[in-house]
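Asker: pasting the sequence and the predicted model now:
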Amino acid sequence: MLYGETGNRNPTIKRYLQPFLLSYTNSCLEDGIGINSFPRLTPVLTGVFFLLFVLTMTIKQAYFGQTSRGETVTRYTMTNAQGTEVSILNLGGIIQSLKTADKNGHFADIVLGCDSVADYEHQSAYLGALCGRHANRIREGQLVIDSRRYQLACNNGPNHLHGGSRGFNERIWSVSAEHNDSESRLILRYQSPDGEEGYPGNLDCEVTYCLNNRDELTINYRAVTDKTTVVNLTNHSYFNLKGSGNCLEHEVQLFADCFVPANASSIPLGEIRPVAGTPFDFTEPKMIGQDITADDLQLLQARGYDHTWVLNQDNSPIKQCAIVKDPGNGRRLTVKTTQPGVQFYTGNFLEDIPGKAGRRYNQQDGFCLETQHFPDAPNQPDFPSTELKPDETYHHTTVFAFDLWTD
């Protein structure tokens, strides 16, 4: 049930077609042709009106369902002038759908997701969701801030994962919408109270999703606290540029010369290891499946790739992170970020998860590029800090850009 829509005309259409319509209408009136005769004049005029309607940035909102706690879940859909469409839920800031065109102009949904709230509540893969307060793992759920030890919820064996037993992925966020001729924005806000999942401090979070006419989906993260805490936010979307099937034939390039090795429970060993000469070397494009079954302890422990790559540093305000291509349909995803790392995860633990349109998701049906700080950063003194003080603002940006490529 659609209950809301807003939109603005494409600026090019406004600039050139609107004067034409006014001139055409005035000349018809001067010639004594009534308004009721317009539909019979020419199919061109009908086509122009169609273009004015279609080539626009729009935001629609629709009822999606209710949580088991009785909370209303709303889906917000942003569409740009190219027809690229992204749907986001106020539940966990989930990217529920993302539709882009291939080289033949055919649109497909290229992210994994669910068709109902109940299906989201009965999966633990964080499909498309915001993760926080602290994405990734924290060893034994323990951290020390200002000489005080805090115990966080342990929801991944002995460790804390993606914010705890009920992280940001399960929270209802407030949503406001903004748009102009070239982009649409959804601003999501959530206030995490002091002590939630064991974290200190009241944390005010704001996440903005922005879709523009260049087919870029930008995610801006901001947070402030009234007490020193830790923050590490990311989005856990699973991509599949084919739209279905496994992702092993996707071609990936990561702009990272090093990665973070981990133990059997995915806690970092405390070192930064070069990728050269290992299956983790994606400095040149290669298919995901090329080395994923190599006899490598890191791969065997994780059943595939589920590690943080340390992004190469440069002087750019936002640095290159990854390029992913589908060789068959021409879709390309380019990722840039201000974050120091990216968790490249190949869906190794997906198992019979209910998906969209009757699909069931299984191992390696999608891949994640979770831009973030490093796992267990609060307990790793040599890693970039995730500590946030009351006089600071947490702010990071990630851009997912979609286009087509040719050989």
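Answerer: Arrived safely. Numbering: from 1, shown residues only.

Asker: can you verify residue 197 is assigned to a helix?
Answerer: Yes. The assignment for residue 197 (DSSP: H, G, I helix; E, B strand; the rest coil) places it in a helix.

Asker: in this structure it contacts residue 167, no?
Answerer: Yes. Contact criterion C-beta atoms under 8 Å: residue 197 and residue 167 qualify, at 6.7 Å. (Each C-beta comes from the backbone N, C-alpha and C, glycine too.)

Asker: who has more neighbours, these two?
Answerer: Comparing residue 197 with residue 167 by other C-beta atoms under 10 Å, the one with more neighbours is residue 167, at 25 against 19.

Asker: what touches both of residue 197 and residue 167?
Answerer: Contact criterion C-beta atoms under 8 Å, 6 or more residues apart in numbering; residues bridging residue 197 and residue 167 by contacting each: residue 133.

Asker: and the closest residue in space to residue 170 that isn't next to it in sequence, how many residues sit next to it?
Answerer: Spatial nearest neighbour of residue 170, excluding adjacent residues (C-beta to C-beta, 6 or more residues apart in numbering): residue 92 at 5.9 Å. Per other C-beta under 10 Å, the neighbour tally for residue 92 reads 28.

Asker: residue 381 now?
Answerer: Around residue 381 there are 8 residues (other C-beta under 10 Å).

Asker: and it, how close does it get to residue 267?
Answerer: Using C-beta to C-beta, to the nearest Å, residue 381 is found at 15 Å from residue 267.

Asker: same check on residue 278?
Answerer: 20 Å.

Asker: who has more neighbours, the two?
Answerer: Set side by side, residue 278 and residue 267 show more neighbours around residue 267, with 19 against 15, by other C-beta under 10 Å.

Asker: who's in contact with the closest residue to the more buried one other than its chain neighbours?
Answerer: Setting aside the residues directly before and after it, residue 267 is nearest to residue 139 in space (C-beta to C-beta, 6+ apart), at 4.9 Å. With contacts defined as C-beta under 8 Å, 6+ apart, the neighbours of residue 139 are 159, 267, 376, 379.

Asker: surely the last one is in contact with residue 142?
Answerer: Just to be clear, that refers to residue 379. Yes. Look at residue 379 against residue 142 with C-beta under 8 Å: they come within range, at 7.3 Å.

Asker: before we move on, the earlier item: tell me the one of the contacts of residue 139 nearest residue 355?
Answerer: For these, the minimum distance to residue 355 (C-beta to C-beta) is 27.1 Å, reached by residue 159.

Asker: and the closest one, how many neighbours does it have?
Answerer: Neighbours of residue 159 (other C-beta under 10 Å): 20.

Asker: how about residue 292?
Answerer: 17.

Asker: ok, it touching residue 304?
Answerer: Yes. With contact defined as C-beta under 8 Å, residue 292 and residue 304 form a contacting pair (5.3 Å).

Asker: how many other residues sit next to residue 135?
Answerer: Neighbour tally, residue 135, other C-beta under 10 Å: 28.

Asker: the stretch 251-400 of the chain: helices as residue ranges?
Answerer: 297-302 (DSSP state H, counting those that start in this stretch).

Asker: show me where it has its strands.
Answerer: Secondary structure of the stretch 251-400 of the chain by DSSP state E, counting those that start in this stretch: the strands cover 251-254, 256-260, 273-274, 286-287, 306-311, 319-325, 331-337, 341-345, 353-354, 360-361, 368-372, 387-388, 394-404.

Asker: please compute how far the fifth one lies from its chain's middle.
Answerer: Right, strand 306-311. With C-alpha atoms, centre = their mean, to the nearest Å as the basis, strand 306-311 stands 17 Å off its chain's centre.

Asker: what does the longest one give?
Answerer: Here the centre of mass of C-alpha atoms in strand 394-404, compared against the chain's by C-alpha atoms, centre = their mean, lies 8 Å away.

Asker: same check, this time on the first one
Answerer: When distances are taken as C-alpha atoms, centre = their mean, strand 251-254 is centred 18 Å away from the chain's centroid.

Asker: quick one: mean pLDDT over that strand.
Answerer: In this model, strand 251-254 has a mean pLDDT of 99.

Asker: who are the packing partners of it?
Answerer: Identification of packing neighbours for strand 251-254 by 3 or more C-beta pairs under 8 Å, 6 or more residues apart in numbering; DSSP states H and E yields strand 286-287, strand 319-325, strand 341-345.

Asker: direction included, what does it pair up with?
Answerer: strand 286-287 (antiparallel), strand 319-325 (antiparallel) (DSSP bridges).

Asker: other residues contacting that strand?
Answerer: 282-288, 309, 321-327, 342, 344, 367.

Asker: apply 7 Å and report the result again.
Answerer: Contact with strand 251-254 is made by 282, 284-288, 309, 322-325, 327, 344, as judged by C-beta atoms under 7 Å, 6 or more residues apart in numbering.

Asker: from those residues, which has minimum pLDDT?
Answerer: residue 327 (93).

Asker: burial of residue 338, as a residue count?
Answerer: Using other C-beta under 10 Å, the number of residues around residue 338 comes to 18.

Asker: list the buried ones in stretch 351-358?
Answerer: 353, 354, 355, 356 (16 or more other C-beta atoms under 10 Å).

Asker: pull the contacting residues for the first one.
Answerer: When contacts are counted by C-beta under 7 Å, 6+ apart, residue 353 touches 123, 125, 360, 361.

Asker: next one: the third one
Answerer: By C-beta under 7 Å, 6+ apart, the residues touching residue 355 are 112, 113, 114, 361.

Asker: format these as JSON lines; extra columns: distance to residue 226 and pLDDT.
Answerer: Shown next, in JSON lines, are the contacts of residue 355 (distance: C-beta to C-beta, whole Å; pLDDT from 0 to 100):
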{"residue": "112", "distance to residue 226": "36", "pLDDT": "99"}
{"residue": "113", "distance to residue 226": "35", "pLDDT": "99"}
{"residue": "114", "distance to residue 226": "35", "pLDDT": "99"}
{"residue": "361", "distance to residue 226": "40", "pLDDT": "98"}
